[in-house]
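# okay, here's the prediction I keep looking at, along with the sequence it came from:
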Amino acid sequence: MGLRRQIPERGRAANMAAERGAGQQQSQEMMEVDRRVESEESGDEEGKKHSSGIVADLSEQSLKDGEERGEEDPEEEHELPVDMETINLDRDAEDVDLNHCRIGKIEGFEVLKKVKTLCLRQNLIKCIENLEELQSLRELDLYDNQIKKIENLEALTELEILDISFNLLRNIEGVDKLTRLKKLFLVNNKISKIENLSNLHQLQMLELGSNRIRAIENIDTLTNLESLFLGKNKITKLQNLDALTNLTVLSMQSNRLTKIEGLQNLVNLRELYLSHNGIEVIEGLENNNKLTMLDIASNRIKKIENISHLTELQEFWVKNCIPGRKAADQELSNSVPCSYHI
């Protein structure tokens, strides 16, 4: 596979903590921007070398084409899709990586009888189609295209990972038949409601950051969910989480929360991200004894309290909350021993 898969699935939290340590406040606000963006920027070419399914790399050819045209109109170049007939597909490939190739239409992939991973990131794809023959497909990555609707995936019953982040989706649909799905990434779309996920009983990770969601709802059946990312939405209340007893990571940064509540059943929660909200009091964490990471930075909190029982806490973020370092130190000295970031 490509470099993106070398990043641990829990790497988002670690990466965010490292960025905070470097003083990158913006990264706190953007936690829900897909965890794999960094891997792209740091070297898709190196990642491609690790992919046994690389069938073509048109990046350089695209640049040459642009030079021949004189780069008269960047937008015009972007709108010219590549002809799939110019790509030689390896029929025996298991991992096919065609990132940033200006592919405009999904076609010609029916010859890939053994493919398990198909990565079509940063292309010009507008419609999900012509994939019904890929019965062995386990992972489909359509990150950063122009897709408006999730459709034509019913035949991919073995699919475990689906990424349609950074597209133009308005609704969660067309995934109810994907009952083996374990990870679903729909980051940075135009989704306004969580819906049509009730059949995904094996789902372990759900990323819906940077959308237009206003309420946590319709996830009661996702009892195997371990990580839920809902940062940068318009959510006003922590609710409907009682059934998610296996949840270990909950990210709610940059929403419209005013109170910490609804977490009493999340006894296995280890990482809780609540920065950039309107929370005024630290409360509602009585049953979350396993927390190792608590981020409440950039809220309206004036006093550190109700955390002395969090004996496993390793990192505690309260930056831009406490008025004055001296007052903060006094409060923290009576709390649990961990790494504080004020």
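Arrived safely, thanks for sending. On a predicted model such as this, the values are computed, not experimentally measured, just so you know. Numbering: from 1, shown residues only.

# the stretch 201-342 of the chain: strands as residue ranges?
Taking DSSP state E, counting those that start in this stretch to define them, one finds strands in the stretch 201-342 of the chain at 205-207, 227-229, 249-251, 271-273, 293-295, 315-317, 339-341.

# could you export these to CSV, including columns for mean pLDDT, mean neighbour count and distance to residue 192?
Bear in mind the C-beta positions are built from the backbone N, C-alpha and C, glycine included. Shown next, in CSV, are these (pLDDT from 0 to 100; neighbours: other Cβ atoms under 10 Å; distance: least, Cβ to Cβ, whole Å):
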stretch, mean pLDDT, mean neighbour count, distance to residue 192
strand 205-207, 99, 22, 16
strand 227-229, 99, 23, 17
strand 249-251, 99, 23, 19
strand 271-273, 99, 24, 22
strand 293-295, 97, 25, 26
strand 315-317, 93, 21, 29
strand 339-341, 63, 15, 33
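
# now render the ones you listed as CSV, adding distance to residue 112.
Shown next, in CSV, are the strands of the stretch 201-342 of the chain (distance: least, Cβ to Cβ, whole Å):
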stretch, distance to residue 112
strand 205-207, 26
strand 227-229, 30
strand 249-251, 34
strand 271-273, 37
strand 293-295, 41
strand 315-317, 44
strand 339-341, 47
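
# nearest to residue 262, of the ones you listed?
strand 249-251 (10.3 Å; Cβ to Cβ).

# name the strands paired with that closest one and say parallel or antiparallel.
strand 227-229 (parallel), strand 271-273 (parallel) (DSSP bridges).

# the strands of the stretch 201-342 of the chain: which one's closest to residue 138?
Nearest of the strands of the stretch 201-342 of the chain to residue 138, taken as Cβ to Cβ: strand 205-207 at 14.8 Å.

# which elements pack onto that closest one?
The criterion is 3 or more Cβ pairs under 8 Å, 6 or more residues apart in numbering; DSSP states H and E, and the helices and strands that strand 205-207 contacts are strand 183-185, strand 227-229.

# ok so, going back, relative to residue 293, which of the strands paired with strand 249-251 is closest?
The closest of these to residue 293 is strand 271-273. By Cβ to Cβ, the value is 4.2 Å.
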